[in-house]
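J.: give me a 3D structure for the following:
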Amino acid sequence: MASAKRDIRTIIDSFSDDLILIAQDIAREQVERAVMEWQAKNEKLLAKQSIQNEKAQRQDEKARRNQLALERIERVAEKRRAREEQKAAERALRLEQRLIADSTTEKKPGRGRKSGGLLADGATKKEPTPPPLFVHKRRRDGEIQQLKRGDDETAAATASSPSAPLNGGESHGAPRPSAAPSPVVPEQLRLGL
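T.: Residues are numbered from 1 along each chain as shown. This is a model prediction of the structure:
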């Protein structure tokens, strides 16, 4: 009987070892399946977290770039303000120097501004002369004579002279008979202007 007990014990021990191995395999499979399910569930969460992390990094990078751009714009604006202030100071200095120079030149008499010289008060207060007429009269010999204002009588006398026939006929040196004095024609009409 001792041998039967020993055999039963060895069978039970081997059977228990097999059961332990089977239990370990089942437990391992269940653990692997649970890990896979956890990874599948958490993979979505991990993907979401990685996407959120990437978005946060991009936003941080964008905020950093915006901050750098704002700082650069502020530096440029500060430089521009400094340049404008410097230009304004230079302009004010030039204006002040010009005013000082003008005040010193006004105190000194200028050249040619002596009282009693050619440009005395009486000479500068003359009546202005009328502008010259830009009408010229050409004589038969080709000489150009400039007409002057107030010379109506001399111009009328030269116009009535028989130097050239008005009617296109020939003149043989004999004066033309005139029944009545010719009316006075303005110079511009006579010259064809």
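J.: can you pull out the helices in this protein?
T.: Per DSSP state H, the chain carries helices over the ranges 2-107, 121-124, 152-160, 187-190.
J.: can you redo these as a markdown table with mean neighbour count, mean pLDDT and distance to E143?
T.: Where C-beta positions appear, they are placed from N, C-alpha and C, glycine not excepted. A markdown table is the format used below for those (neighbours: other Cβ atoms under 10 Å; pLDDT from 0 to 100; distance: least, Cβ to Cβ, whole Å):
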| stretch | mean neighbour count | mean pLDDT | distance to E143 |
| --- | --- | --- | --- |
| helix 2-107 | 10 | 90 | 50 |
| helix 121-124 | 8 | 54 | 34 |
| helix 152-160 | 14 | 52 | 13 |
| helix 187-190 | 13 | 68 | 18 |
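J.: now distance to I144 too, for those helices, in a markdown table please.
T.: Shown next, in a markdown table, are the helices of the chain (distance: least, Cβ to Cβ, whole Å):
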| stretch | distance to I144 |
| --- | --- |
| helix 2-107 | 47 |
| helix 121-124 | 32 |
| helix 152-160 | 14 |
| helix 187-190 | 15 |
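J.: out of the ones you listed, which gets nearest to R139?
T.: The closest of the helices of the chain to R139 is helix 152-160. By Cβ to Cβ, the value is 9.4 Å.
J.: what distance do you get for K62 to A47?
T.: Per Cβ to Cβ, to the nearest Å, K62 is found 22 Å from A47.
J.: same question, D25
T.: 32 Å.
J.: now swap in L70 and tell me
T.: 34 Å.
J.: over to E96?
T.: Counting by Cβ to Cβ - E96 and A47 are separated by 72 Å.
J.: and if you look at R94?
T.: 69 Å.
J.: ok, now M36?
T.: Per Cβ to Cβ, M36 is found 16 Å from A47.
J.: over to K87?
T.: As defined by Cβ to Cβ, K87 lies at a distance of 59 Å from A47.
J.: same deal with E32?
T.: 22 Å.
J.: how about Q86?
T.: Computed as Cβ to Cβ, the Q86 to A47 distance reads 58 Å.
J.: same check, this time on T10
T.: 54 Å.
J.: same question, Q39
T.: Noted for Q39: a distance of 11 Å to A47, by Cβ to Cβ.
J.: check R138 too.
T.: 105 Å.
J.: try D17
T.: 44 Å.
J.: next one: Q24
T.: Per Cβ to Cβ, Q24 is found 33 Å from A47.
J.: and if you look at A69?
T.: Noted for A69: a distance of 32 Å to A47, by Cβ to Cβ.
J.: and what of Q30?
T.: In terms of Cβ to Cβ, Q30 sits 26 Å off from A47.
J.: and W38, by the same measure?
T.: In terms of Cβ to Cβ, W38 sits 14 Å off from A47.
J.: ok, now D141?
T.: Distance from D141 to A47, by Cβ to Cβ: 112 Å.
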